[in-house]
Structures are given as structure tokens and as C-alpha cells.
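Asks: mind folding the following:
(one chain, ligands or ions: 1)
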Amino acid sequence: MTDDITRTVQRIAAEAPGRVAAAATLEELRAVEGELLGKKGELTALKKGMGALDPEARRAAGQAMNEVRASVEAAIAARRTDLEGAARALTLAAERLDLTEAVEHRQRGSLHLVTQTMDRLVDVFVGMGFTVAEGPEVETDWYNFEALNIPAAHPARGMWDTLYVDLGDPETVLLRTHTSPVQIRVMTDGEPPIYAVMPGRVYRRDTADASHMPVFHQIEGLVVDRGISFADLAGTLEAFTSAYFGGSIHSRLRPSYFPFTEPSAEYDINCIFCEGRGCRTCGQTGWLELGGCGMVHPNVLRNVGLDAEEWTGFAFGFGLDRLALMRHGVDDIREMFTGDVRFLEQFPA
Ligand code: DAH
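Replies: A predicted model of the protein is given here:
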């Protein structure tokens, strides 16, 4: 009798690992568990035969059975963990959504190179305490010329090839030729102290070629306050230059002429390609011309009703497209306006 029990326990111990391992699903494992350990299971059935044994043999058989039960329980628990993991992986795989499929076919757009350039320029000036203002692209002769100290017959009008709009009296309404009229609007709409930049689109009667477009972009700057001097202008442009182009690039001002500033200057920076040593882009001069600037002409202040004795100011204006072109080594300004995606996608914002 003892031998029978011992043999059966040994057989169960030998078979159990294989049977547990053979359970391929949680359900099958539950069935194997029932067969081995359940109320009607093989080990339980053996217990019933133990009553006939003498105490010594019963203790030995009982111990052997407990050991087998414990190891079978452990094997089942381990197998259950494995099967649960596999089942979870299956569910996850089945419920997985392939989001790349939706994204792959969608072209992601970005800001136009001009907008990126404009944003960066404005950021630098905002960081220096300037506000941002905008004005209309269709202007009157007063804002674009007269108020800026450029009277009708003045030869300086020739500096801007103007596109007129067929509205009202002849040559009274036009597409603004520069962002300078926004200076007038800022001064008439508000009061000094004024520290403002004005980015925007401008128009000229020009035939499109690699370096000209009838439409392009400028950014204008205007400061009006008490005691503003030419040194403030030079210092502001120098601070802007190193903030935007990096600390190794400096600015210089050369005497020039604009009707709305006195004195007037051209604003140059060290060539950003050769850093001043001289290269093809800067024509071996080491300098790049960015735009114009100067002290706001007293006539301009008077035109907007400001006391030119009390207030002084400076202004500057430069082209934005050429700046972006140079920075990215693009040799044709028309690229900025044709909207060719193959060009645009080279400048993801
Ligand atoms: N408006 C001028 C142009 O388009 C550029 C300019 C020169 C703007 C001097 C200014 C300035 O504000 O002070 O050619």
C-alpha cells in the first residue's frame, strides 16, 4: 500500500512539469490544475488511501505528497504568469493603432522663410523693448511721401518707382513703396516716447529678376523721445546686429541721404560669410549693405504735430528678403515668391 502511494506520488511528480508546460492557454492550465490539485484531482484521491497506513508510513507519504503539491503549485503559478503575459501581448498587438499610416500621407507645412525671418527680427527688437506696429499696404500720397518730407515735385520721389492705385484724384492713392509711412501712423496714433518696429510688405514698379521683385518686405524702426542722439541710433543698430547675427558681426554707418532723416546714413554690417575678410558675396569689401537710417527730420516731426524742440528721434529701415536670401545662400529673390514647395520645404520652421 505504501509502495503504491509512493509510486503514484513519484509518477505525479515526474509527469506534472510536462503537463503544466503543455497547457497552451489559461483555460487548459486551469484544467490541468484541477486534474492534479483539485478536489477530484489525483493528489486528493491519494490522500483518501492514506487512512489505511500506519502512522509512520502515513507521515512519510503525507510529507512526500505535500512536497509534490508545493512544487506542482509553483509550476502552475509560473506557467500562469507566462500565459497571462502572452495573452496581454496578444491583446495589445490586436488593439494597436498604426498612427504612422495616418501621418505618412500628410504633408506637414511650415512658416514661409520670409515669415520666419520677420518673426526672428521682430523677436530681437521686442527683446530690446520695442513694440510692433503695422499699417496698410494701400497708402495715400500723404503718408507715403508728403508727411515724410518728400513733396510732389521733389527729385527724391525718383528714389521710389511707385505703383499707383486708380482711386480718387490721379496719383493720390498708391501701394506703399516702403514701410516708412507706418512711422507717420505710429506718431499720429500715439504719443512719444515711441520705440516701435514695423514689418511689412512693400511694392515698387520693378521688373522681376534675380535681385528685384515688384513686391518685397521691409522692417522699419522708429524711436522718438527726449534727448535721443545719433549715438543712440548707432548703439541700437550695433546691439541689434550682434543679437541677430552673432557677437562677431559689427555694424557701421556711412553718410547718405534720405528726405525724412537728417543726418542720414547707410547701415552696413560685417559680411556674414567672410566676417569682414572679403569674399564674392560682399564684393571683397568685407561689408554688406542692409538699409538706411538717420535722425528723424524736424519737418517730419512737425508734420505729425510734434514739437521738434522737445522731441528727437531716429529711424531705420531695411529689406528683409535680401537678408534671408544671403543668410541661406539663395541667389534668386524670385524663389521667395513663387511658392515652389521643393524650395520652401528646405526651411522647416
Ligand atoms: N524707406 C527707405 C527705403 O525704402 C529706407 C529707410 C531709410 C528707412 C532711412 C528709414 C530711414 O526709416 O531712416 O529706401
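Asks: grab the nearest non-local neighbour of the residue in the stretch 151-300 of the chain positioned nearest to the ligand.
Replies: With C-beta to the nearest ligand atom as the measure, Gly292 is the residue of the stretch 151-300 of the chain nearest to the ligand, at 2.6 Å. (Glycine included, C-beta is placed from N, CA and C.) In this structure, Gly292 finds its nearest non-sequential neighbour in Phe258, 5.4 Å apart by C-beta to C-beta, 6 or more residues apart in numbering.
Asks: list the residues that contact that neighbour.
Replies: The contact partners of Phe258, by C-beta atoms under 8 Å, 6 or more residues apart in numbering, come to Ala156, Ser264, Gly292, Gly294.
Asks: for the ligand, what are the nearby residues on the stretch 101-250 of the chain?
Replies: When proximity is defined by C-beta under 6 Å from any ligand atom, the stretch 101-250 of the chain lies next to the ligand at His178, Ser180, Glu220.
Asks: quick one on the thing from earlier: so in terms of bridging, what pairs with the residue of the stretch 151-300 of the chain closest to the ligand?
Replies: Glu266, Gly317 (DSSP bridges).
Asks: all the strands of the stretch 51-200 of the chain, residue numbers only.
Replies: For the stretch 51-200 of the chain, the strands defined by DSSP state E, counting those that start in this stretch occupy 131-132, 138-140, 173-175, 194-203.
Asks: so which of these gets nearest Ile184?
Replies: Proximity to Ile184 (C-beta to C-beta) singles out strand 138-140 among those, at 9.4 Å.
Asks: contacting residues around the residue of the stretch 1-150 of the chain found nearest the ligand?
Replies: Residue nearest to the ligand within the stretch 1-150 of the chain (C-beta to the nearest ligand atom): Leu148, separated by 8.1 Å. Residues near Leu148 by C-beta under 8 Å, 6+ apart: Ser180, Pro181, Gln183, Ile184, Pro259, Phe260, Val300.
Asks: the last one and Ala308, how far apart?
Replies: Distance of Val300 to Ala308, computed by C-beta to C-beta, to the nearest Å: 9 Å.
Asks: likewise the first one?
Replies: From Ser180 across to Ala308, the span is 18 Å (C-beta to C-beta).
Asks: could you do the fifth one as well?
Replies: Distance from Pro259 to Ala308, counting by C-beta to C-beta: 16 Å.
Asks: more neighbours, the two?
Replies: Legend: neighbour count by other C-beta atoms under 10 Å for Pro259 and Ala308, higher for Pro259 (20 against 14).
Asks: who are the neighbours in contact with that one?
Replies: Pro259 touches Leu148, Asn149, Ile150, His154, Ala156, His297, counting by C-beta under 8 Å, 6+ apart.
Asks: ramachandran angles for the residue nearest to the fourth one when sequence neighbours are not counted?
Replies: Using C-beta to C-beta, 6+ apart and skipping the chain neighbours, the partner closest in space to His154 is Pro259 (6.7 Å). Main-chain dihedrals, Pro259, degrees, to the nearest 10: phi -60, psi -30.
Asks: mind showing which ranges of this protein have poor pLDDT?
Replies: Counting by pLDDT under 70, the ranges of the chain that qualify are 1-2, 101-105.
Asks: quick revisit: export the strands of the stretch 51-200 of the chain as JSON lines, with columns for mean neighbour count.
Replies: Output for those, formatted as JSON lines (neighbours: other C-beta atoms under 10 Å):
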{"stretch": "strand 131-132", "mean neighbour count": "12"}
{"stretch": "strand 138-140", "mean neighbour count": "18"}
{"stretch": "strand 173-175", "mean neighbour count": "19"}
{"stretch": "strand 194-203", "mean neighbour count": "21"}
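Asks: so can I have a markdown table of those showing distance to Leu163?
Replies: Listed next are the strands of the stretch 51-200 of the chain as a markdown table, based on distance: least, C-beta to C-beta, whole Å:
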| stretch | distance to Leu163 |
| --- | --- |
| strand 131-132 | 26 |
| strand 138-140 | 10 |
| strand 173-175 | 5 |
| strand 194-203 | 5 |
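Asks: show me what contacts the closest residue to Leu175 other than its chain neighbours?
Replies: Nearest residue to Leu175, sequence neighbours excluded (C-beta to C-beta, 6+ apart): Tyr203, at 3.7 Å. Residues near Tyr203 by C-beta under 8 Å, 6+ apart: Glu137, Leu163, Leu175, Arg176, Thr177, Pro214, Val215.
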